[in-house]
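> My questions are about this predicted structure, shown below with the sequence.
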Amino acid sequence: MEAVIFTGVPGSGKSTFYRQRFFDTHVRINLDMLRTRRREQILLSACLQAGQAFVVDNTNPLPADRTRYIGPAQTAGFRVVGYFFDVDLREAMRLNQQREGKKKIPAAAVAGTYKKIQPPALAEGFDAIFTVRLAPEMKFVVTGYETTPQNHPGQAEERRRQAKNRWAFFQRQAPK
């Protein structure tokens with residue numbers, strides 16, 4: 001079971017990357033599509049309860065934005081993987097201009113997200129983090145960024161086992 005969390009400014013290629021890399025295997029959780037946090041929470045809960053792999057395709061610029069997904073995913077025993085979309089502001093603005101209709105984001109919003117974005121860190125609870133960069137013709141280059149320390153291979157597995165036990169307890173306590 002895998003929970004993937006994207007971090008990147010609007011126009012950095014997150015949704016295109018999802019379609020190319022995860023469309024056939026992971027449910028897409030996206031506020032642009034779902035429109036409310038309540039709907040997002042319902043879909044996230046369904047994925048967690050069913051053990052369904054998912055991708056959170058939002059900007060998630062701050063650790064606090066990512067925490068709402070990491071904690072529940074860990075508790076449910078998911079491997080949590082982050083993808084940081086490393087694109088400069090000029091490129092994000094250019095890609096945003098190519099969008100049509102409501103998909104186009106105001107330039108001020110793109111710039112505002114760019115100013116506050118903080119790359120993800122293992123300390124937030126990720127098992128692995130990758131960097132995604134754009135190459136010509138919307139090709140993506142993915143490189144390792146941080147991973148769980150190799151000299152402690154059992155740590156992540158033990159954490160997942162404990163989280164799975166907590167999730168099972170939570171499920172037994174939930175009202176029917």
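Everything's here; your move.

> now the helices for the chain?
Counting by DSSP state H, the chain forms helices over residues 14-21, 31-34, 37-50, 63-75, 89-97, 107-116, 153-173, given from the N-terminal end onward.

> Kindly present these as TSV, with separate columns for mean pLDDT, mean neighbour count and distance to residue 4.
Every residue, glycine included, has its C-beta placed from N, CA and C. Compiled in TSV, these are given as follows (pLDDT from 0 to 100; neighbours: other C-beta atoms under 10 Å; distance: least, C-beta to C-beta, whole Å):
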stretch	mean pLDDT	mean neighbour count	distance to residue 4
helix 14-21	94	17	9
helix 31-34	88	14	16
helix 37-50	95	15	11
helix 63-75	96	18	10
helix 89-97	88	16	20
helix 107-116	92	15	19
helix 153-173	52	13	16
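
> Check the spacing between residue 8 and residue 121 real quick.
In this structure, residue 8 lies at 15 Å from residue 121, with C-beta to C-beta, to the nearest Å as the measure.

> more neighbours, these two?
When neighbours are counted by other C-beta atoms under 10 Å, residue 8 comes out ahead of the other of residue 8 and residue 121, with 25 against 15.

> Would you mind measuring from the more buried one to residue 48?
Residue 8 is 23 Å from residue 48, by C-beta to C-beta.

> Residue 28 too?
Counting by C-beta to C-beta - residue 28 and residue 48 are separated by 15 Å.

> cool, residue 6 as well?
According to C-beta to C-beta, residue 6 stands 18 Å off from residue 48.

> One more: residue 123?
Taking C-beta to C-beta, one finds residue 123 at 22 Å from residue 48.

> cool, residue 34 as well?
If you go by C-beta to C-beta, the gap between residue 34 and residue 48 works out to 16 Å.
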